[in-house]
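Peer 1: Just to be clear, the model below is a prediction. Sequence and coordinates:
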Amino acid sequence: MGFRVFEFPTRPSNKLILSSFYCKIKTQMENTKQQGQFRFVIYKRPRDKYYTGVCLDLDIVEENKDPIALRKSLEEAVQGYLEAVIKKDLNDKLLNKPAPKKYWNMLKELEKYFHALHQISHPKQRFPLQDSQIFTRDVNDLARV
């Protein structure tokens, strides 16, 4: 499985900073309507035609040829889902529906790569990576209800 990191134009609060990355992505999280954090992965393997984006905490998966449009669409899908749960006052368990294991494995592979990038200022070897990104969004940032 190979990846290469790419940069998204993002707002300063969403910018991925490698030194703080490991503090932001938590392995165990219990989202509620009042607080929490949704974790996202966007990737494209060399053999893939489209980028795949997934919200790991809600099992929402989308594909698109444009990674920037994919990120926007994925965030809007999560936002709509969150707003429906809040508006209808549904159980908080609906905000904690993990994606299949293959996507969590993808996160682990990307974390290893980002860690390696952070440790090596000028890597001599080329990593077999294709366009990928990991980011988070707080429940409060997405909730507009």
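Peer 2: Happy to help now that I have it. Small disclaimer: the values here were computed from a predicted structure and weren't measured.
Peer 1: only C-alpha atoms for contact and neighbour calcs from this point on.
Peer 2: Will do.
Peer 1: Which single helix of the chain contains the most residues?
Peer 2: In the chain, with assignment by DSSP state H, the single longest helix is helix 67-87.
Peer 1: Identify the residues contacting that one?
Peer 2: Contacts to helix 67-87, defined as Cα atoms under 8 Å, 6 or more residues apart in numbering, come from residues 8, 33, 42, 51-55, 58, 60-64, 91-92, 94-95, 139, 142-145.
Peer 1: what distance separates it from the centre of its chain?
Peer 2: How far helix 67-87 lies from its chain's middle: 12 Å, per Cα atoms, centre = their mean, to the nearest Å.
Peer 1: Show me what secondary structure element comes after it.
Peer 2: helix 101-119 (DSSP states H and E).
Peer 1: Just the ones of the contacts of helix 67-87 in strands?
Peer 2: 42, 51, 52, 53, 54, 55, 60, 61, 62, 63, 64 (DSSP state E).
Peer 1: CA atoms of the longest helix of the chain as CSV?
Peer 2: Output in CSV follows, covering the C-alpha atoms of helix 67-87 (Å, rounded to 0.1, in the frame of the first residue of the first chain):
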residue,chain,number,x,y,z
PRO,A,67,-9.1,15.8,-3.4
ILE,A,68,-10.2,19.3,-2.4
ALA,A,69,-13.7,18.7,-3.6
LEU,A,70,-13.7,15.4,-1.8
ARG,A,71,-12.7,16.9,1.5
LYS,A,72,-15.4,19.5,1.2
SER,A,73,-18.0,16.9,0.3
LEU,A,74,-17.0,14.6,3.1
GLU,A,75,-17.1,17.4,5.7
GLU,A,76,-20.6,18.4,4.4
ALA,A,77,-21.8,14.8,4.7
VAL,A,78,-20.6,14.6,8.3
GLN,A,79,-22.1,18.0,9.1
GLY,A,80,-25.5,17.0,7.7
TYR,A,81,-25.4,13.7,9.7
LEU,A,82,-24.4,15.5,12.9
GLU,A,83,-27.1,18.2,12.4
ALA,A,84,-29.8,15.5,11.9
VAL,A,85,-28.7,13.7,15.2
ILE,A,86,-28.8,17.0,17.1
LYS,A,87,-32.0,18.3,15.6
